[in-house]
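A.B. asks: Mind looking at a prediction? Sequence and model below.
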Amino acid sequence: SSTIYTSPINISQNTNIRVAVFQDSLVPSDIHTHSYIFESIANRKIPVVSIVGDSLIFFSPSSGLLTQSFLPSWEYEVNFEIIDVIPGQNKSQEMGVEILQEDEWQAPQKPYNFIARDKYSKKNFNYQLFPGENISSFKSFSLRNAGTDWGSTLLKDGLTQEVTKSNMNLDNRFYRPASVYLNGVWQGIYNLRVNTDTRYPQKLYGYDNDSINIIKGNGALEGSPTAYNSWLNLLQTTDLTDSTNYMEMTNQMDIENYTHHIISLLFFGNQKWSTENSFQWRSNDVDSKWRWFSRGMDKSMKSSNINNILFPFFTHTNGNIDNPEWLTRPFRALLTNTNYRNYFLSELSDHLYITFSPTLINEKQADMTSLIDSYISNHSALWNGTGNGYSQPITSYNAWIDSVTQITNWCLPRSDIIRNSAITYFSEVASYSNLNIMLQSPNSGCIAINDLVIPKESWSGNYFDSLEFTLTAIPNPGYSFVGWENTGV
């Protein structure tokens with residue numbers, strides 16, 4: 001019943017073309033789909049995603065993905081196409097789609113999960129969804145609505161990833177905003193994200209899928225929770241003040257990763273540390289260590305928490321659902337060891353000085369807001385008035401700007417708030433002062449404090465007075481290091 005192609009087709013509005021070749025007595029070819037989207041945004045900076053499928057898949061009263069009052073688990077076949085920013089770079093493939101099985105499904109703008117399967121087309125989606133990253137083949141990925149940040153900035157979870165990925169030993173879930181169309185109708189801004197199944201660490205580190213254990217809270221998301229729960233129980237009976245016991249513990253957990261995990265949660269004030277957001281993983285290989293990551297940071301940087309979510313939260317022995325005893329147990333156990341306390345304070349001071357400096361965060365935030373700024377007014381108009389008990393939409397462009405400004409207002413005082421909390425909690429530190437570091441000759445090289453490279457030729461920030469640190473001069477080719485000059489305290 002479809003139209004037979006006989007001559008060129010003139011397209012002047014959003015159009016999805018699905019073509020196949022038919023001949024009597026032969027098996028029809030695969031269906032190929034391509035979307036022609038006319039965006040009104042000039043010089044767009046984010047990709048367009050087009051989802052094409054039978055309208056009943058989405059809007060059937062009884063079986064549509066978007067019409068149910070409960071979280072459906074149905075999977076349907078659709079075509080997923082990404083039309084990238086660079087002309088000619090695009091990828092179209094038949095895939096399975098379902099509503100993402102997360103709490104954010106309750107928002108009016110539904111999140112999607114896409115799965116590559118042989119029965120649809122290919123078992124992987126082979127495309128560089130996240131330019132600059134080292135993963136270009138995906139079994140699944142998702143389009144997320146920003147969760148509880150849906151009615152605020154759309155940026156928080158992605159910003160926390162972008163701020164930490166260069167300097168911290170954390171497993172990045174990648175982030176990329178996209179302008180999404182469903183059967184040619186605009187659906188607003190979504191966040192393209194990697195899924196946290198067994199293929200996530202497999203893609204990052206090359207482990208076999210069957211050997212991965214991913215623990216959500218203290219129960220298994222993938223694999224078995226036995227080893228992790230045994231390790232947690234071991235922490236209750238092991239004296240980590242003993243150097244031998246501490247060294248043995250470092251063979252079982254990635255100390256740097258865990259420390260950076262805690263520091264990032266601490267800075268961003270991620271209240272939802274809980275069983276729903278705390279993930280641990282390792283392989284069954286003998287030398288594999290436990291690593292940690294947060295699945296979502298959309299509840300971070302809330303202005304009401306600016307003076308909260310500090311060291312008492314992360315060391316509580318009888319917390320609530322957000323910080324239960326078993327979740328704070330590793331950090332409390334590690335802090336009984338003097339060497340770890342000194343290591344933690346050094347890492348904390350370095351990252352507050354560089355990674356979480358307002359200068360760098362504001363630059364990252366400005367880059368990210370510029371990607372979606374031109375879309376926000378239309379996004380707000382599209383979803384305004386659709387709020388529910390889970391989340392209210394962005395009401396206007398100005399309201400969005402106000403919410404983005406609140407991130408800046410969080411980051412400016414947060415480092416000193418954390419330093420003051422550390423002074424109360426740790427006897428090793430009692431004060432902090434401003435530390436200024438400057439290259440006298442522009443473009444001559446760079447300076448590293450401990451193992452963190454200072455990103456600009458002139459840098460200033462607070463640092464704990466009692467902590468020792470190492471400065472390293474790294475000259476550019478053609479230059480040599482002459483010496484240091486102390487200009488005073």
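C.D. replies: Thanks, I have the structure now. Numbering: from 1, shown residues only.

A.B. asks: ok, residue 436 - contacts?
C.D. replies: Contacts of residue 436 were listed using Cβ atoms under 8 Å, 6 or more residues apart in numbering, and they are 458-460, 487. For glycine as for every other residue, the C-beta is placed from the backbone atoms N, C-alpha and C.

A.B. asks: quick one: which of these is nearest to residue 54?
C.D. replies: The shortest approach to residue 54 among the contacts of residue 436 belongs to residue 459, at 56.6 Å (Cβ to Cβ).

A.B. asks: Out of the contacts of residue 436, list just those in helices.
C.D. replies: Secondary structure assignment (DSSP state H) places none of the contacts of residue 436 within helices.

A.B. asks: Among the residues you listed, pick out the one closest to residue 329, please.
C.D. replies: Closest approach between those and residue 329, by Cβ to Cβ: residue 459, at 36.8 Å.

A.B. asks: In this structure that closest one contacts residue 446, no?
C.D. replies: No - taking contacts as Cβ atoms under 8 Å, residue 459 lies outside contact range of residue 446: 10.1 Å.

A.B. asks: show me where the stretch 1-150 of the chain has helices.
C.D. replies: Taking DSSP state H, counting those that start in this stretch to define them, one finds helices in the stretch 1-150 of the chain at 55-59.

A.B. asks: Same question for the stretch 251-400 of the chain.
C.D. replies: In chain order, the stretch 251-400 of the chain shows helices spanning 255-268, 311-314, 325-334, 338-353, 358-372, 376-383, 397-425, with DSSP H, counting those that start in this stretch as the criterion.

A.B. asks: Extract the CA atoms of the helix or strand following the longest one and return them as CSV.
C.D. replies: When you say that, I think you mean helix 397-425. Next in sequence after helix 397-425, counting helices and strands by DSSP states H and E, comes strand 432-438. Once non-C-alpha atoms are left out, strand 432-438 reads as follows in CSV (Å, rounded to 0.1, in the frame of the first residue of the first chain):
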residue,chain,number,x,y,z
TYR,A,432,43.8,27.7,55.0
SER,A,433,45.3,30.6,53.1
ASN,A,434,45.3,31.9,49.5
LEU,A,435,47.9,30.3,47.3
ASN,A,436,48.9,32.2,44.2
ILE,A,437,51.0,30.5,41.5
MET,A,438,52.2,32.3,38.3
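
A.B. asks: can you give me the strands in the stretch 51-200 of the chain?
C.D. replies: In the stretch 51-200 of the chain, the strands defined using DSSP state E, counting those that start in this stretch lie at 76-83, 90-99, 112-115, 125-126, 137-138, 140-144, 176-182, 185-194.

A.B. asks: ranking those by mean pLDDT, which is last?
C.D. replies: The minimum mean pLDDT among the strands of the stretch 51-200 of the chain belongs to strand 137-138 (a mean of 92).

A.B. asks: ok, and what's touching it?
C.D. replies: When contacts are defined by Cβ under 8 Å, 6+ apart, strand 137-138 is touched by residues 116, 124-127, 129, 194, 199, 203.

A.B. asks: which one of the residues you listed is nearest residue 73?
C.D. replies: Checking the contacts of strand 137-138 against residue 73 with Cβ to Cβ, the nearest one is residue 116 at 18.3 Å.

A.B. asks: got the contact list for the closest one?
C.D. replies: Contact criterion Cβ under 8 Å, 6+ apart gives 93, 95-96, 122-125, 138-140 as the residues in contact with residue 116.

A.B. asks: most neighbours, which of these?
C.D. replies: With neighbours taken as other Cβ atoms under 10 Å, the top of the contacts of residue 116 is residue 95, carrying 26 neighbours.

A.B. asks: hang on, it packs against residue 76?
C.D. replies: No - with contact taken as Cβ under 8 Å, residue 95 and residue 76 are classed as non-touching, separated by 9.9 Å.

A.B. asks: Check the strands of the stretch 51-200 of the chain for me and report the most buried one.
C.D. replies: Per-stretch averages of neighbours, counted by mean count of other Cβ atoms under 10 Å, single out strand 140-144 among the strands of the stretch 51-200 of the chain, with a mean of 23.

A.B. asks: between that one and strand 185-194, how many degrees?
C.D. replies: Computed by axes from the mean of the first three to the mean of the last three Cα atoms, to 10 degrees, the angle separating strand 140-144 from strand 185-194 equals 130 degrees.

A.B. asks: Paired strands for strand 140-144, with orientation please.
C.D. replies: The pairing partners recorded for strand 140-144 under DSSP bridges are strand 112-115 (antiparallel), strand 185-194 (antiparallel).

A.B. asks: export those strands to TSV and tack on distance to residue 402?
C.D. replies: Compiled in TSV, the strands paired with strand 140-144 are given as follows (distance: least, Cβ to Cβ, whole Å):
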stretch	distance to residue 402
strand 112-115	29
strand 185-194	18
